[in-house]
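[1] For reference, the sequence and a predicted model appear below.
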Amino acid sequence: MEKMNELEGKRILVTGGTGSLGQTLVRRLLSGEMGKTAKITVFSRDEAKQHYMRLDFMHKTAATDDVIYQNSKDLLDFRIGDVRNYSSLLAAMREADIVFHAAALKQVPSCEYFPFEAVMTNIIGAENVARAVRENNLPVKKVIGISTDKACKPINVMGMTKALQERVLIEANRDCLETDFNCVRYGNVIASRGSIVPLFVELIQKNQPITITSRNDEIFIES
């Protein structure tokens, strides 16, 4: 029962909270399945996504969304900032008991064409999280870094930077003795931005064929 209520009364910070995974995580937190949190702060640099995310949660009126709707009015807060910016991240972390670090550059092509941008967000961002705890006696008791299966034997920039992100966070356990640093990995998220599923949905809605390209030929699936 203690584990089921592990988040009861806790102040939660979600970096990258407007991303595909971040929004899903926030919705799960608002459901109260692991206890009703005291506050949930969405930290990201995209003001437009924050605006529409706020509207999305505040306009939920279906009966099945009652708990999430009420919690979003009582608990959900938004904060503009970038994990690359140490001072803005530190200010947000001063008011958190638990940090879910989901901010990242996650699309493989973007990281390949702009590798240093991936380094800045995925590695320096993680170091800023660890540094904020290390240097400021923050109340943060737990940090959960959200990584990817591509960090295992990485063959691209995204995987490499996420693998280093993991090591930066795990290493922080050596000298941040009051904070528990963890990392979890996930695979591809169905219907996330930039994935193939939204394209399939768009093609079906337009009554167009779905094209899947293989090595040898093109396969057309009638919708």
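    Right, received. Where do you want to start? Residues are numbered from 1 along each chain as shown.

[2] how about the longest helix seen in the chain: buried residues?
    Looking across the chain with DSSP state H, the single longest helix is helix 157-171. With burial defined by 16 or more other C-beta atoms under 10 Å, the residues of helix 157-171 counted as buried are 157-166, 168-169. From N, CA and C alone the C-beta is placed, and that goes for glycine too.

[3] Please report how far the residue nearest the centre of the chain lies from residue 204.
    Closest to where the C-alpha atoms of the chain average out (C-alpha atoms, centre = their mean) is residue 102, at 2.9 Å. Residue 102 sits 30 Å away from residue 204, going by C-beta to C-beta, to the nearest Å.

[4] same question, residue 24
    23 Å.

[5] and what of residue 164?
    Residue 164 is 39 Å from residue 204, by C-beta to C-beta.

[6] Walking through this protein, point out its strands one by one.
    For the chain, the strands defined by DSSP state E cover 11-15, 39-44, 76-80, 98-101, 142-148, 180-186, 210-213, 218-221.

[7] need the ones you listed in JSON lines with mean pLDDT, can you?
    JSON lines is the format used below for those (pLDDT from 0 to 100):
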{"stretch": "strand 11-15", "mean pLDDT": "97"}
{"stretch": "strand 39-44", "mean pLDDT": "96"}
{"stretch": "strand 76-80", "mean pLDDT": "93"}
{"stretch": "strand 98-101", "mean pLDDT": "98"}
{"stretch": "strand 142-148", "mean pLDDT": "95"}
{"stretch": "strand 180-186", "mean pLDDT": "94"}
{"stretch": "strand 210-213", "mean pLDDT": "72"}
{"stretch": "strand 218-221", "mean pLDDT": "47"}
